[in-house]
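Asks: show me how the following folds:
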Amino acid sequence: MTGPVFVDTNVFVYRHDDTVAAKQFRAEQWIRFLARNRAGRLSYQVLQELYATLTRPRLNFDPAEARRIVQLLSVWQPLTIEIGILERAWQLQERHTLSWWDALIVAAAQASECSVLLTEDLQPGQVFDGVRVVNPFASSDKKPHQIVEAHDVATGHGDA
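Replies: Residues are numbered from 1 along each chain as shown. Prediction:
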């Protein structure tokens with residue numbers, strides 16, 4: 001069984017960005033895998049950032065289409081950012097000298113009880129109190145399930 005995996009905004013953005021075909025394909029692989037296994041986690045911060053990024057001039061999505069994409073992702077039951085997560089993010093920001101937005105993502109991944117955080121914005125392999133950063137666009141020779149299974153075996157989170 002696949003444990004919960006927190007997905008950062010950039011994975012969803014690349015899923016809808018046809019200017020970077022390799023990353024779009026890889027993002028699609030990850031999202032399908034996580035949806036099929038009901039293992040994907042995200043926060044309202046991710047949905048807000050996704051909407052803002054899709055509607056910027058570079059991608060220039062119609063706001064109605066961007067809203068539809070965000071609404072479809074709401075089935076992943078996004079985590080609400082509350083004071084406990086803010087406090088955890090402040091601690092992470094200070095301890096690891098993270099940007100505020102990255103610290104908030106890591107705190108949300110921790111609150112979602114994820115052992116994997118998919119993002120290209122942090123150092124791959126870095127571990128934040130049990131949450132390991134995985135760059136979803138690296139190791140393109142491996143399928144998402146192989147990466148998650150290898151992580152689960154290495155950390156003892158897999159089925160025994």
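Asks: how about the helices in this protein?
Replies: 9-15, 21-36, 44-54, 63-73, 83-96, 100-111, 144-155 (DSSP state H).
Asks: give me the neighbour count for Thr97.
Replies: 9 (other CB atoms under 10 Å). To be clear about C-beta, it is placed using only N, CA and C from the backbone, and glycine gets the same treatment.
Asks: ugh, wrong one, Arg32
Replies: Counted with other CB under 10 Å, residues neighbouring Arg32 total 13.
Asks: ok so, going back, now the helices of the chain as JSON lines including mean pLDDT and distance to Phe128?
Replies: Shown next, in JSON lines, are those (pLDDT from 0 to 100; distance: least, CB to CB, whole Å):
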{"stretch": "helix 9-15", "mean pLDDT": "97", "distance to Phe128": "17"}
{"stretch": "helix 21-36", "mean pLDDT": "95", "distance to Phe128": "20"}
{"stretch": "helix 44-54", "mean pLDDT": "97", "distance to Phe128": "16"}
{"stretch": "helix 63-73", "mean pLDDT": "97", "distance to Phe128": "24"}
{"stretch": "helix 83-96", "mean pLDDT": "97", "distance to Phe128": "6"}
{"stretch": "helix 100-111", "mean pLDDT": "97", "distance to Phe128": "5"}
{"stretch": "helix 144-155", "mean pLDDT": "68", "distance to Phe128": "13"}
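Asks: columns distance to Arg132 on top of these, output as TSV?
Replies: Listed next are the helices of the chain as TSV, based on distance: least, CB to CB, whole Å:
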stretch	distance to Arg132
helix 9-15	16
helix 21-36	15
helix 44-54	18
helix 63-73	23
helix 83-96	14
helix 100-111	10
helix 144-155	6
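Asks: list the contacts for the most centrally placed residue in the chain?
Replies: Centroid-nearest residue in the chain, with CA atoms, centre = their mean: Val7, separated by 1.3 Å. Listed by CB atoms under 8 Å, 6 or more residues apart in numbering, the contact partners of Val7 are 30-31, 34, 40-42, 46, 118.
Asks: next: His16.
Replies: 24, 54, 59, 61, 69.
Asks: could I get the contacting residues of the second one?
Replies: With contacts defined as CB under 8 Å, 6+ apart, the neighbours of Leu54 are 13, 16, 61, 65-66, 69.
Asks: what does the third one give?
Replies: Each residue near Leu59 by CB under 8 Å, 6+ apart is listed here: 13, 16-17, 53.
Asks: appreciated, that's everything.
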